[in-house]
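Participant: need a structure here:
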Amino acid sequence: MDLILPEVTQILLALVLFASLIPSYELGLAVMNNATTGVAVFGLLVAVLLQLFVWLLSSRVFESIQLNLPSGAQQSTIGAYVTNVWFFRVQNLVELLLAGTPMFTHYVRIMGAEVNGDFWYFGNAIYEYNKLHIHGSTIVDSSSLNGHYMDGNGLTIDDTCIFGVLHPGCFAVAGSIASGENGPWKVILGNGCAQASADFGSATASKCMEQHPVVVV
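Facilitator: Numbering: from 1, shown residues only. The predicted structure follows:
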């Protein structure tokens, strides 16, 4: 089963990818064949926006399914999940356009993250938005935020809490508290000794800190 499930997952995701192209293709084809030049250009723009929306929706559905699978199935399918969500979301034009703007805060909230405060994102990748908690004034610069990580003991999916600054090359992963200034080139893991701070006034932040002490590697 451990060998079959990843292959089946890849096939299903490939079919979803193909199906996700159909709405924008049909709209673009209809506009090109039955419109003046000006209307055709506008129609193609709408088709591109439709495609971006479909990919955003697809990534949101993939993430919800992955986070609700049994733990054994999560571990078997994590490779296919990360590969396809990377395609659908991280290279998404919407994310590229919104990164570094105040609108990105609204985007991550729509995708399921909790944001309380100012969030300035210039990062590399975000996985598992539902597991992401942002508090206070936070800057993420060329770093990655994950709600998962894998080690010799298997797959871990858990909350990730960010308060402060991640300098380039940092990775905040499942169960971690990234507080204050971190980096550059640091991995923040959710196991080890607590790094407490009186600045975290949020109840969510306090609970997150109690459950997930931090280690910086």
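
Participant: give me the neighbour count for Phe53.
Facilitator: For Phe53, the count of nearby residues is 13 (other C-beta atoms under 10 Å). Any C-beta I mention is one placed from the backbone N, CA and C, and that applies to glycine too.

Participant: element containing it?
Facilitator: According to DSSP states H and E, Phe53 maps onto helix 37-67.

Participant: could you point out which element follows that helix?
Facilitator: helix 71-85.

Participant: got the angle between that following helix and helix 37-67?
Facilitator: 160 degrees (axes from the mean of the first three to the mean of the last three C-alpha atoms, to 10 degrees).

Participant: shift numbering so it begins at 24
Facilitator: In the new count, where the first residue is 24, that last one comes out as helix 94-108.

Participant: the following helix or strand past helix 94-108 - contacts with which helices or strands?
Facilitator: Per DSSP H and E, the first helix or strand lying C-terminal to helix 94-108 is helix 116-121. For helix 116-121, the packing partners by 3 or more C-beta pairs under 8 Å, 6 or more residues apart in numbering; DSSP states H and E come out as helix 60-90, helix 126-133.

Participant: who wins for proximity to Gly187 among these?
Facilitator: Comparison of these against Gly187 by C-beta to C-beta identifies helix 126-133 as nearest, at 16.1 Å.

Participant: could you list the alpha-carbon positions for the closest one in CSV?
Facilitator: Output in CSV follows, covering the C-alpha atoms of helix 126-133 (Å, rounded to 0.1, in the frame of the first residue of the first chain):
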residue,chain,number,x,y,z
MET,A,126,-2.9,42.6,0.1
PHE,A,127,-0.9,39.5,0.9
THR,A,128,-2.2,39.5,4.4
HIS,A,129,-5.8,39.2,3.1
TYR,A,130,-4.6,36.5,0.7
VAL,A,131,-3.1,34.3,3.4
ARG,A,132,-6.3,34.8,5.5
ILE,A,133,-8.4,33.6,2.7
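
Participant: mean pLDDT added to the helices and strands packed on helix 116-121, as a markdown table?
Facilitator: Putting those into a markdown table (pLDDT from 0 to 100) gives the following:
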| stretch | mean pLDDT |
| --- | --- |
| helix 60-90 | 81 |
| helix 126-133 | 88 |
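
Participant: a markdown table for those helices, including distance to Gly177?
Facilitator: Below are those laid out as a markdown table (distance: least, C-beta to C-beta, whole Å):
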| stretch | distance to Gly177 |
| --- | --- |
| helix 60-90 | 15 |
| helix 126-133 | 28 |
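
Participant: ok so, going back, and the angle for the helix holding Phe76 with helix 126-133?
Facilitator: 50 degrees.

Participant: out of the helices and strands packed on helix 116-121, which gets nearest to Gln97?
Facilitator: So among the helices and strands packed on helix 116-121, helix 60-90 is nearest, using C-beta to C-beta, at 6.4 Å.

Participant: Gly206 touches Gly192, doesn't it?
Facilitator: Yes: shown here, Gly206 and Gly192 form a contact pair, counting by C-beta atoms under 8 Å, at 6.0 Å.

Participant: give the residues shared as contacts by the two.
Facilitator: Both Gly206 and Gly192 are contacted by Ser166, under the criterion C-beta atoms under 8 Å, 6 or more residues apart in numbering.

Participant: separation between the residue of the chain positioned farthest from its centre and Ile185?
Facilitator: Distance from the C-alpha centroid of the chain, by C-alpha atoms, centre = their mean, peaks at Thr59 (39.5 Å). Using C-beta to C-beta, to the nearest Å, one gets 49 Å for the distance from Thr59 to Ile185.
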